[in-house]
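Trainee: okay, structure incoming, though there's no sequence with it:
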Ligand SMILES: Nc1ncnc2c1ncn2[C@@H]1O[C@H](COP(=O)(O)OP(=O)(O)OP(=O)(O)O)[C@@H](O)[C@H]1O
């Protein structure tokens, strides 16, 4: 078990700056998710923590000790990758035993068998123990990879998109199991993903990375309700938050699109200030007496909900409504929004003005 901190870490690959002055604090036992698009620097961050990449500047602190100069083995971390790094010709048992056979562990044959049996039980792969790995399905292989990481009881688990090669159903199952495993082991997990649903559903904390910079760290509900800027606001939530440009006028939002005026409760800014108003699709409310009229451009059925795309003079926004809502394409509807849920952003730098 371990706390991990990165202090001012910069990592360059030639002219490419993968990480820029990154500060990160991960608490002992936390399930920490790094969320970012491709090229954001997620894998590099994991590799720096693992000791597989040396930062150009900055420090890696593990359990309060400066670990920047330690090699990977000294850091005692386990890495689980998207591509299973297993020995295909060995059995599952052979793969699970492998990391325990090094001299550093100094375990007897009976102790090794006991550890492997326990891990297999935890991951429900006991029936697979004598099978060759090359005969397993993708989901089974990923369980074995996770087992291989757990079996040697590392201080930290680093997971690089471990579920992204699996089909959707299996991903859902393993997501729940990984969370359960985390609470059983009580170990520190650092989990990398570009999938915001995975991040929101699994993380105790989420760190949002963009172009090698850590933009915001918070609990899933903080990231969702109090995003620091429009980038973070649109990184979580499906469909993403609507952003509508307008002017703050007499404590209300005067939208550029259609010239409609809607109420807002919390805003920072002088009368007449230009703003980008943010509203989540579930906070757009269809209402025959609502202040805005729009044309229904598209309807997506998602079982219990429908996602509408509404068109106001060429500006599109999404609204999430119940499946019972009766609407037709091209119909003109009226809507309002929940005023307390409207965020206001600086239209220049995207900063959330409600956070002060
Ligand atoms: N070994 C390397 N040599 C050169 N450039 C690299 C190397 N590793 C990473 N980079 C660059 O550093 C940046 C961050 O890469 P990284 O793999 O950390 O991103 P990522 O967020 O994990 O992306 P993905 O989701 O696509 O895996 C990218 O611009 C990438 O091209």
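Mentor: On my side now, so go ahead. Model, not experiment: these values are computed from the prediction.

Trainee: on the three-state scheme, residue 98 is what?
Mentor: Secondary structure, DSSP: H, G, I helix; E, B strand; the rest coil: residue 98 is helix.

Trainee: gap between it and residue 105?
Mentor: Distance, residue 98 to residue 105, by Cβ to Cβ, to the nearest Å: 11 Å. Where C-beta positions appear, they are placed from N, C-alpha and C, glycine not excepted.

Trainee: ok, those two, which is more surrounded?
Mentor: residue 98 (17 against 14; other Cβ atoms under 10 Å).

Trainee: quick one: the more buried one from residue 268, how far?
Mentor: For residue 98 relative to residue 268 (Cβ to Cβ), the value is 58 Å.

Trainee: any low-confidence regions in this structure?
Mentor: Low-confidence segments of the chain (pLDDT under 70): 1, 103, 267.

Trainee: which residues of it lie near the ligand?
Mentor: 13, 16, 18, 36, 38-44, 194 (Cβ under 6 Å from any ligand atom).

Trainee: next secondary structure after the host helix or strand of residue 199?
Mentor: Using DSSP states H and E, residue 199 sits in helix 196-202. Using DSSP H and E, the helix or strand that directly follows helix 196-202 along the chain is strand 205-210.

Trainee: hmm, who's touching that next one?
Mentor: 24, 26, 30-37, 40-42, 45, 199-200, 214-220, 223, 231-232, 235-236 (Cβ atoms under 8 Å, 6 or more residues apart in numbering).

Trainee: that strand pairs with which strands?
Mentor: Applying DSSP bridges, strand 205-210 is found paired with strand 31-35 (parallel), strand 213-218 (antiparallel).

Trainee: neighbouring contacts of the longest one?
Mentor: Defining contact as Cβ under 8 Å, 6+ apart, one finds that strand 213-218 is touched by 20-25, 205-209, 223, 226-229, 231-232.

Trainee: please redo it, this time with the cut-off set to 6 Å
Mentor: Strand 213-218 has contacts (Cβ atoms under 6 Å, 6 or more residues apart in numbering) with 20, 22, 207-208, 228, 232.

Trainee: need the helices for this structure, in chain order.
Mentor: 42-50, 72-75, 92-97, 109-122, 138-150, 168-185, 196-202, 220-225, 230-235 (DSSP state H).

Trainee: sorry, back to before: so among the contacts of strand 205-210, which ones count as buried?
Mentor: 24, 26, 30-36, 40-42, 45, 199-200, 214-218, 220, 223, 232, 235-236 (16 or more other Cβ atoms under 10 Å).

Trainee: want to try CSV for the contacts of strand 213-218, with distance to residue 144 as columns?
Mentor: Formatted as CSV, the contacts of strand 213-218 follow (distance: Cβ to Cβ, whole Å):
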residue, distance to residue 144
20, 36
22, 32
207, 28
208, 31
228, 39
232, 36
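
Trainee: and the residues you listed, which of them are buried?
Mentor: Buried, going by 16+ other Cβ under 10 Å: 22, 207-208, 228, 232, out of the contacts of strand 213-218.
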